[in-house]
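Undergrad: could you work out the structure for the sequence below:
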Amino acid sequence: MARSCGQRLLSFDRRLGVRFVAGADEAGRGSLAGPLVVAGVLLDYELLRGSRVRPLSTLNDSKQVLHEEREALFHAVIGCATKVSVRIVPVREIDSFGLHRSNLAALRAVLSDLNPPADACLVDGFRLGNTAPPHSAVVDGDARSAAIAAASIVAKVLRDRVMRRLDALFPRYGFRSHVGYITPAHSRAVRMYGPCELHRRSFDAACYEAA
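TA: Numbering: from 1, shown residues only. Predicted coordinates:
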C-alpha cells in the first residue's frame, strides 16, 4: 500500500533518530501587502505514534492544500504539537530592515521560543546564522519534513486569517481573496487608489509606478 504524503513527511523526521524535531517556515514572503507570518512547530516523536499521529496523515506543504483542508490540518497540528511559536512581522519592519533580514530574525526567534529545546531544528531553505539554535536548512523542506510542513500550515492559516480581517479595514483592495499577493485585480486596485499602509513600499512593483 502506498504511503500517504503525511506518512512520507513523518518518516523523513523519524529518520533523524531523535525525539524532539522542530520545523520553521514562513508565509507571505512573496506578498505585496500585509505582514510576514513565521511559525515554529515542535513535534515529540516519542508520543506521536498510533492514534496520536493519525490526524497528521494528510499533512502536506501548505501551498499544495486547499483552504478547507488547511484549516483542518491547522487544528490537527495544534492538537499534535508539543509547542507552537509564531512571530508576525509587520510591514514597517519589512520596509525598514528588508524582507530577508526580517524573515531570518523571525525564524531564529520562533526556534528559540520552542521548549523543550529540539534535538533537531529544520528550516525551510535558509541558514539562520550562528545566533540561531543549531539547525539544518532543508531545500523544499515543507514538502519533505513533517515539522516544516506543520509550521507552513500554521503560518499560512494564521496569515490568511489576518488578511481577511484587514480586508474590512481596507475593502478597496480585495485582500480577502488574494491575501496581499499580486493579482491583476490587486494591481488594478493599487493603480486606481494608490498603495495603502499595508503595502510593502520597499518592493519594486510595477503597479506602484502608475499609482
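Undergrad: all strands for the chain, in order.
TA: Assigned strands in the chain, in chain order: 20-27, 36-44, 83-89, 120-124, 136-138 (criterion: DSSP state E).
Undergrad: by contact count, what packs against the shortest one?
TA: Counting contacts by 3 or more Cβ pairs under 8 Å, 6 or more residues apart in numbering; DSSP states H and E, strand 136-138 is packed against strand 120-124. Where you see a C-beta, it was placed from the backbone N, CA and C, and this is true even at glycine.
Undergrad: list the neighbouring strands of the strand it packs on plus their orientation.
TA: Neighbouring strands of strand 120-124 in its sheet, by DSSP bridges, are strand 20-27 (parallel), strand 136-138 (parallel).
Undergrad: residue ranges in this structure under the pLDDT threshold?
TA: 1-3, 210-211 (pLDDT under 70).
Undergrad: tell me the angle the top helix by length along it makes with strand 20-27.
TA: Using DSSP state H, we find that the single longest helix of the chain is helix 146-169. Interaxial angle, helix 146-169 versus strand 20-27 (axes from the mean of the first three to the mean of the last three Cα atoms, to 10 degrees): 30 degrees.
Undergrad: put the alpha carbons of helix 146-169 into PDB.
TA: The C-alpha trace of helix 146-169 is given here as PDB (Å, rounded to 0.1, in the frame of the first residue of the first chain):
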ATOM      1  CA  ALA A 146       6.600  16.900   8.700                       C
ATOM      2  CA  ALA A 147       7.800  19.500  11.200                       C
ATOM      3  CA  ILE A 148       8.400  22.100   8.500                       C
ATOM      4  CA  ALA A 149       5.100  21.300   6.700                       C
ATOM      5  CA  ALA A 150       3.300  21.700  10.000                       C
ATOM      6  CA  ALA A 151       4.900  25.100  10.500                       C
ATOM      7  CA  SER A 152       4.000  26.100   7.000                       C
ATOM      8  CA  ILE A 153       0.300  25.200   7.700                       C
ATOM      9  CA  VAL A 154       0.300  27.200  10.900                       C
ATOM     10  CA  ALA A 155       1.900  30.300   9.300                       C
ATOM     11  CA  LYS A 156      -0.300  30.200   6.200                       C
ATOM     12  CA  VAL A 157      -3.600  29.700   8.100                       C
ATOM     13  CA  LEU A 158      -2.800  32.500  10.600                       C
ATOM     14  CA  ARG A 159      -1.700  34.900   7.900                       C
ATOM     15  CA  ASP A 160      -4.800  34.300   5.800                       C
ATOM     16  CA  ARG A 161      -6.900  35.000   8.800                       C
ATOM     17  CA  VAL A 162      -5.100  38.300   9.500                       C
ATOM     18  CA  MET A 163      -5.500  39.400   5.900                       C
ATOM     19  CA  ARG A 164      -9.200  38.500   5.900                       C
ATOM     20  CA  ARG A 165      -9.700  40.700   9.000                       C
ATOM     21  CA  LEU A 166      -7.700  43.500   7.400                       C
ATOM     22  CA  ASP A 167      -9.900  43.400   4.300                       C
ATOM     23  CA  ALA A 168     -12.700  45.000   6.400                       C
ATOM     24  CA  LEU A 169     -10.400  48.000   7.100                       C
END
